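Asks: Predicted model follows, preceded by the sequence.
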Amino acid sequence: MEIITSILAGVLFATAIYNILQKQLLRIVIGTALLSHGAHILILTMGRLKTGQPPILTEGISDYTDPLPQALILTSIVISFGVTSLLLVLAYRTTKENNTDNMEQLRGNENE
Amino acid sequence: MILAVLVPLLIACFIPALSKLKAKIHTGIFVFFVPFIIFLYFVQFVGNDFSPQIEQYSWIPSLGINLDFYLDGLSLLFVLLISGIGSLVVLYSIYYLHKSERLGHFYVYLLMFMSAMLGVVLSDNIFVLYTFWELTSISSFLLIGYWHFKERSRYGALKSMLITVFGGLSMLGGFILLYVVTGTTSIQEMISQVDVILDSNYLPLILGFILLGAFTKSAQFPFHIWLPDAMEAPTPVSAYLHSATMVKAGIFLIARFSPIFSSYEWFFLIVSIVGIITLCWGSYMSVRQTDLKAILAFSTISQLGMIMAMLGFGTTIAVFAAVFHILNHATFKGSLFMIAGIVDHETGTRDIRKLGGLATFMPITATLAIFATFSMAGVPLPFLNGFYSKELFFDAGIQLDNSGFWSQAIPYLAVLGSIFTFVYSMYLFFGTFTGKKHLEQLPKKPHEAPFGMLVSPIILVLGVILIGLLPNMANAPFLQHAAEAINGDTEFYKVKFWHGWDSPAFRMSLVVVTLGIILFVTRKRWQAVYQVLPGKASFNKVYDAIVANMDSVSRSVTNFYMTGSLKTYMSLILGTTLVVSFFVMFVSNGFTVSTDQLADISFIEIAVVLIMIIAAIGTIYMNHNVAAVLVLGVVGFGVAILFVIYRAPDIALTQLVIETVSVALFLLCFYHLPKLRKSTDSAKTKTMNAIISIGFGALITMVAISAHSSRWFESISDYFVENSYKLGGGDNIVNVILVDMRGLDTLFEIAVLGIAALAIFGLIKNKKNKEAE
Amino acid sequence: MSNLAVLPIIIPLISAVILIFFNQKVKVSRALSKLFSLISLGTSSYITWYVFTNGTIILETGDWLAPYGIILVMDGLAAILVLTTNIIAVACAFYAPNAGLEKRETFYFYPFFFFLITGVSGAFITGDLFNLFVFFEVLLMASYGLIVLGGGKVQLRESLKYLLINLFSSMLFVTAVAFLYAVVGTVNMAQIAQRVQEVEQQGILTTIGILLFFVFATKAALFPLYYWLPKSYIVPNPVISALFGALLTKVGIYSILRVFTLIFVHKTDMTHEMFIWIAGLSMIFGVIGALSTSNIKLIIAYNIIPAIGFIILGIGLLNQDGISGSIYYLINDMIIKSVLFLLVGVIAYVAGTSDLRKMGGLIHYYPFLGWLLFVSALVLAGLPPFSGFIGKLLLLKGAFEQGEIAIVIIGLITSLLILYSVVKIFINGFWGDKETMAELPKKSTKGLLAPVVGLLALSVILGVGAEFFYPHIESIATYLLDPEIYIDSVLKE
């Protein structure tokens, strides 16, 4: 199963990057969201899957899934959320200020 | 010695204050005493029983950078030149520079230069030497750019700096290599390890680096091009830096390192050939110049070439001649620059075509000029020092071991260069002081210079005559020590005026004079010949082309990839990461697949994964805002379901909450953003994008599988499981990790959210402000 | 005394939080931020002194033993970098009120500023790879906040690119940490190092190392990953550019220095040798960029890249002189880059343009400014006796010892071109006819130059007084070259 989730993560990365390489800002934003999903799936996979019960101490159970990756993912999710929110607002403001959502028209020149 | 080196710098700090008084007292008067006292201090070392002096102070001993000063015959010669000519130049400048000029700046730079130059010739430590070396370049830059409102000054200043700093850096490379090879930073200690250096594989490189430094500084062919442009500096500067001292720093460097390299045949070949070529080229170029200072600049280049060649020969007579000529050149060239300055000052032009017949207006200047030019030309008269050293030069050329082609060619080339020297010397004198007067073309009515201005050239010309009359006076107490420092020979060389008719050197002199006179008299017919070379491919043009191309090529190179396009940047970043990572993975046999330790596969997982994959790919093809967000939401909720399946309840919950909020946010934002459009990229771009993204996805998958297949260690997580309740007091291990064991992460995760909130608030508030305006 | 290690993170964090509440009161904010930055500087000076007399401070946060909890490791390298960061912070705090931020000061400039210092210091101190990611996010988020501050068209546009590229590299960072966790089962850097050493960095580990390298290299703006940097660094206010130029890229290069002297040091033929190539290419392309433009801010921004090239050269050489040189150069470059960004900020302000082609003769009106720029150019180019020279000398010596002749030649030529690119500003902007800019209103540079002079003086002291500093740097290099010391001190074995 780890191999399958690894492939899933790969697909998420690939689609994310394809979206990021587009011109339209909206697609780029979608790409970044996919990227963080891919990364989180990957962290979980890297801690091995289904090696035991959920990491909540229960009497009589000694096998738990690895809790550390879960903690790391939690931190990462929250951070990604912060960044994504900022990105959304920034994308919105940039589009309004520059009157375009086409990144190719947001190149600029040397002396500004 | 350290005082001598640092005092000019210290005094320079007071100059801005002193220059406030310039209405009453010319700042130069204060400055004059600095080199003069240094000169007096060092004169005491002159004597038959002189022995080298050492003075050491630690500075940065752990890097081998120490203020070690070493005064031997060679340094003494240069120190006396620097301080002696320095005094005369300052004296001269008092009359040359009007009080309305920015005297403060001028003298600060000049003193800075003096310190630097004294430092160069007195340092025994290579890095200290380098420090002072670059300081001479910098101060020369500032002095050339002294009248920086002139375009030519800025051009000349930049050119001289680029070329000399380039040489300096190259020299630094050589020095560091020497340090690495010998393990010492002291030149004297290096000299005692000659064998180590000569056996080193780096020897050619060391030599190349150091010679490059010396050649650029001493304006050797083809790096000579900066010197003529340096003539934009005020004339006292030209007399001081660009004829008597700074340009001789390269000569000094070669002389200083001669004991190390002299037995290396390439040293002889390169230095003497470059020197001889420079001699011929410089004197040839000089003949066609029409600006007095340009004539002198090319003349300086050619004379430096001659000294350089003699150091390359390395024989007893050649080294002595080199040392002798360093002194002689300083006297006659220094005075000639000052005379050119006087002519410029009193007539308002330096264009020799407009000058002529000035002898009647300026008899004293003309008298001085006749001595100086004839000495430079090497006219065989017993009161002209230039003749002696030139004849020694011929002698040295003939006495070379006649084995190679170059050894045989050198005497002929020496004669050739000297003929041109004769021609321009005569032209310089006769063109300026005799012949037809063109008073109407002169901006000012010419008259004799004030006496103060004449003092310095008079002293220098007296030097010319004195050395000419008593050529051996300075040998034993002075020049011999200098020569000894270069080649270790203690043999005393006696200079004679008369060697007899059959002396080959004398015959060469006669050839020079005869042909020189013929060429000078018939000069007009040869005009065309002097214009033949260097035609279009002059080295100046090469320099200009390099500088111009540096600007345009760098611009086009940079604009090529710095397009401002995010897509280009991302593609380049991703592409590089991709290629290098794959390469490394391949080379290091990184990819491994092991099917041990795999979790089992259930249908529901497969279904979720498949739906996610389809949804993810779907985001690419969705052309409707809301649809795109919904498809993205499917992926997000899929992640949450996977978290549930993989027994991660906490993150599953978090993911659900965050995903819900995100979707709402997305919808809100997407509502305002323009509609999704169909991609208009060309097929080629699409393929490229696909290759990069699929490649990157594959990379991630492969590394993930390999990493999963190489679980060589137990995770530290067991500790968390064991101690979550015992030490952390919580059943939910993930929670305990978050708030306790890795509490710092969580604290700053909250900080990140907080900052994001502030940033968003700022963005929105800013918008409101703008709208309000 | 081990709690000392957390102070450089906590003091700016608390300062930032306090300043949020005084956001609207500009005068209070200014005074407080000066005060806080001085307190922070004082603390970090004491810490540096303490570390150099008593050795590395290890703080196990929450008393969770290494390698299980997050460990803060205040070693010599972290201490001097934190100290340098705080020195620059003080200079910027004193410059900011006069920097023409105007309204932007009330858009949480000061809180962002201190959050940035928090993140930078944290990144230097932490001994945990995931925690490093978190601190990266703190400083990046603060930098996003700063870069969009009061943004117009251009600024928003460049901020967006900056954010997107950093977002990508952050995600790659987390991914690489996850990979590493799968293989070695830990995120504590000392333990990672120990375990990587145990299996001799075989198999996939080198590839993971390279992925981490690219993450850091993107932040450090190395060739060929620096495209995002030049434009985005010049759009915000000069004081923000100075912070970015001095600190952000340096955190990236610090991470490379740490990770590739501590963890991935067993396959140097693949990793470190590549660094030397990258160093050369960064120097060449960076300086070409600097020569390509007549925008004075852009000239300085491009000059970040060759400097980073010099620093990575030492890491690639991985010998005593190379590492000492890298550290010396790193500190020098943090200082001189902030000086230059602040200076060109002042120049653009007084000249009313950043376009060099429209300037000339400024020295007649602003002589002091001109000479400051001139000296800075010499420092930047690494001419003696300034601090840049010491670093460069060590690096070139280290390269020769390794037989890397080509890189030395590139380094020397690059130095010349760096000098040219900045002296160009002096020649074309300051020299020239008095009349060129005669109609320009004379502006006051009051309060702007004092911080610059202070930093520049420090840079001179670092060069002239190298005897005082170099032995410490040398001991840090020795320490870095022997990962065992770090591992043992953290894991207490």
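Replies: Perfect, I can see it now.
Asks: Please name the residues that touch the residue positioned nearest the centre of chain A.
Replies: Nearest residue to the geometric centre of chain A (CA atoms, centre = their mean): A:Ser36, 0.6 Å. If you count contacts by CB atoms under 8 Å, 6 or more residues apart in numbering or on different chains, A:Ser36 has them with A:76-77, A:80, A:84, C:171. C-beta: built from backbone N, CA, C; applies to glycine.
Asks: Are we agreed that it is in a strand?
Replies: No: A:Ser36: not assigned to a strand; according to DSSP: H, G, I helix; E, B strand; the rest coil it is helix.
Asks: Tell me who's in contact with B:Gln441.
Replies: Neighbours of B:Gln441 in contact, by CB under 8 Å, 6+ apart: B:349, B:354.
Asks: how far away is the residue lying farthest from the centre of chain B from chain C?
Replies: Counting by CA atoms, centre = their mean, the extreme residue of chain B relative to its mean C-alpha position is B:Phe603, 70.9 Å from that point. According to CB to the nearest CB, to the nearest Å, B:Phe603 and chain C sit 26 Å apart.
Asks: returning to that earlier point: can you lay out the contacts of A:Ser36 as CSV showing distance to chain B?
Replies: Listed next are the contacts of A:Ser36 as CSV, based on distance: CB to the nearest CB, whole Å:
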residue, distance to chain B
A:Ser76, 9
A:Ile77, 6
A:Ser80, 8
A:Thr84, 6
C:Met171, 10
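Asks: Out of those residues, which comes closest to B:Gln56?
Replies: Using CB to CB, C:Met171 comes nearest to B:Gln56 of the contacts of A:Ser36, at 58.4 Å.
Asks: what's near enough to touch the closest one?
Replies: C:Met171 neighbours (CB under 8 Å, 6+ apart): A:32, A:35-36, A:38-39, A:80.
Asks: Got the domain ranges for chain B?
Replies: Annotated domains of chain B cover B:1-261, B:265-521, B:566-714, B:715-773 [automatic domain parsing].
Asks: is the shortest one anywhere near chain A?
Replies: Yep, that's domain B:715-773 we're talking about. Yes: under the criterion of CB under 8 Å from any CB of the partner chain, chain A is reached by domain B:715-773 at B:715-717, B:720-721, B:724-725, B:731-734, B:737-738, B:742, B:745-746, B:749-750, B:752-753, B:755-757, B:759-760, B:763-764, B:767.
Asks: now those residues: which count as buried?
Replies: Buried subset of the residues of domain B:715-773 next to chain A (neighbour count, 16 or more other CB atoms under 10 Å in any protein chain shown): B:715-717, B:720-721, B:724, B:732-734, B:737-738, B:742, B:745-746, B:749, B:752-753, B:755-756, B:759-760, B:763, B:767.
Asks: wouldn't C:Tyr470 be in contact with B:Ile65 here?
Replies: No: with contacts counted by CB atoms under 8 Å, C:Tyr470 stays clear of B:Ile65, the gap being 9.6 Å.
Asks: Who has more neighbours out of these two?
Replies: B:Ile65 (25 against 20; other CB atoms under 10 Å in any protein chain shown).
Asks: What backbone torsions are found at that one?
Replies: phi -100, psi 110 (degrees, to the nearest 10).
Asks: For the closest residue to it other than its chain neighbours, grab the count of nearby residues.
Replies: Excluding the flanking residues, the one nearest B:Ile65 by CB to CB, 6 or more residues apart in numbering or on different chains is B:Phe127, at 4.6 Å. By the criterion of other CB under 10 Å, B:Phe127 has 24 neighbours.
Asks: Kindly report the same for B:Glu440.
Replies: 6.
Asks: and if you look at C:Pro451?
Replies: Considering only other CB under 10 Å, C:Pro451 is surrounded by 23 other residues.
Asks: Okay, and it sits in which element?
Replies: Using DSSP states H and E, C:Pro451 maps to helix C:449-464.
Asks: Give the other helices and strands that that helix contacts.
Replies: Using 3 or more CB pairs under 8 Å, 6 or more residues apart in numbering or on different chains; DSSP states H and E, the elements in contact with helix C:449-464 are helix C:76-95, helix C:320-351, helix C:367-381, helix C:387-401.
Asks: I'd like to check which residues are in contact with B:Arg152.
Replies: Residues in contact with B:Arg152, defined by CB under 8 Å, 6+ apart, are B:229, B:232.
Asks: any idea how far it is from chain A?
Replies: Relative to chain A, and taking CB to the nearest CB, B:Arg152 is found at 28 Å.
Asks: Enumerate the positions of the strand or helix carrying that residue that are buried.
Replies: For B:Arg152, the element it lies in under DSSP H and E is helix B:151-182. Residues of helix B:151-182 classed as buried by neighbour count (16+ other CB under 10 Å): B:153-182.
Asks: Next: stretch C:90-110.
Replies: Within stretch C:90-110, the residues that qualify as buried are C:90-99, C:101, C:104-110, counting by 16+ other CB under 10 Å.
Asks: which residues of chain A fall in helices?
Replies: A:2-20, A:25-46, A:67-98 (DSSP state H).
Asks: what about stretch C:272-283 and chain B, touching?
Replies: Yes: Stretch C:272-283 is in contact with chain B by CB under 8 Å from any CB, via C:Met274.
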